[in-house]
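*Asks:* Structure of the sequence below:
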Amino acid sequence: MPKPASEKSERFNIRIRPAQKAMIARAAALSNKDMTDFILDKVLPEAEAVIKAVEKIEVSERDFKRILDLLEHPPKPNEKLRAAIAALPDTI
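*Replies:* Numbering: from 1, shown residues only. Predicted structure coming up:
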């Protein structure tokens, strides 16, 4: 199915063996999709899953409560922290 002319897009090139391209083309045809739509339908959900897996941080309930407690009641700065703050430039 042709894309509307007003839709912005970019080209993405990959090198694959002829047999791989033929298999993708056949699967796309059997799915009634062009190769681009077929590939994007398979690749984009996987890309989202990888990004979520890397960017998501899970902590135990105990650790979460500790984090909240530290945010609400931060410890007083010790000598090392005061020295590190003093070493910072006036403008960052």
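
*Asks:* okay, CA-based contacts and neighbour counts for the rest of this
*Replies:* Noted.

*Asks:* gap between R66 and A53?
*Replies:* According to CA to CA, to the nearest Å, R66 stands 23 Å off from A53.

*Asks:* Please apply the same query to M35.
*Replies:* M35 sits 27 Å away from A53, going by CA to CA.

*Asks:* Counting neighbours, go ahead and name the busier of these two.
*Replies:* Taking neighbours as other CA atoms under 10 Å, M35 and A53 compare with M35 leading, 17 against 10.

*Asks:* Spell out which helix or strand contains the residue lying closest to the more buried one once chain neighbours are set aside, please.
*Replies:* Leaving out its chain neighbours, the residue that sits closest to M35 by CA to CA, 6 or more residues apart in numbering is A28, at 5.5 Å. Secondary-structure assignment from DSSP states H and E places A28 in helix 18-30.

*Asks:* same question, I85
*Replies:* With DSSP H and E as the test, I85 turns up in helix 79-87.

*Asks:* got the residue ranges for the strands in the chain?
*Replies:* When secondary structure is read from DSSP state E, the chain shows no strands.

*Asks:* Name the single longest helix found in it.
*Replies:* helix 35-55 (DSSP state H).

*Asks:* residue ranges with poor pLDDT in the protein?
*Replies:* Under the criterion of pLDDT under 70, the regions of the chain flagged as low confidence span 1-6, 92.

*Asks:* Look up how far I57 lies from the most centrally placed residue in it.
*Replies:* By CA atoms, centre = their mean, the mean C-alpha position of the chain lies nearest to I51, the distance being 2.7 Å. Distance check for I51 against I57: by CA to CA, it reads 12 Å.

*Asks:* what do those two both touch?
*Replies:* When contacts are counted by CA atoms under 8 Å, 6 or more residues apart in numbering, I51 and I57 are jointly contacted by no residue.
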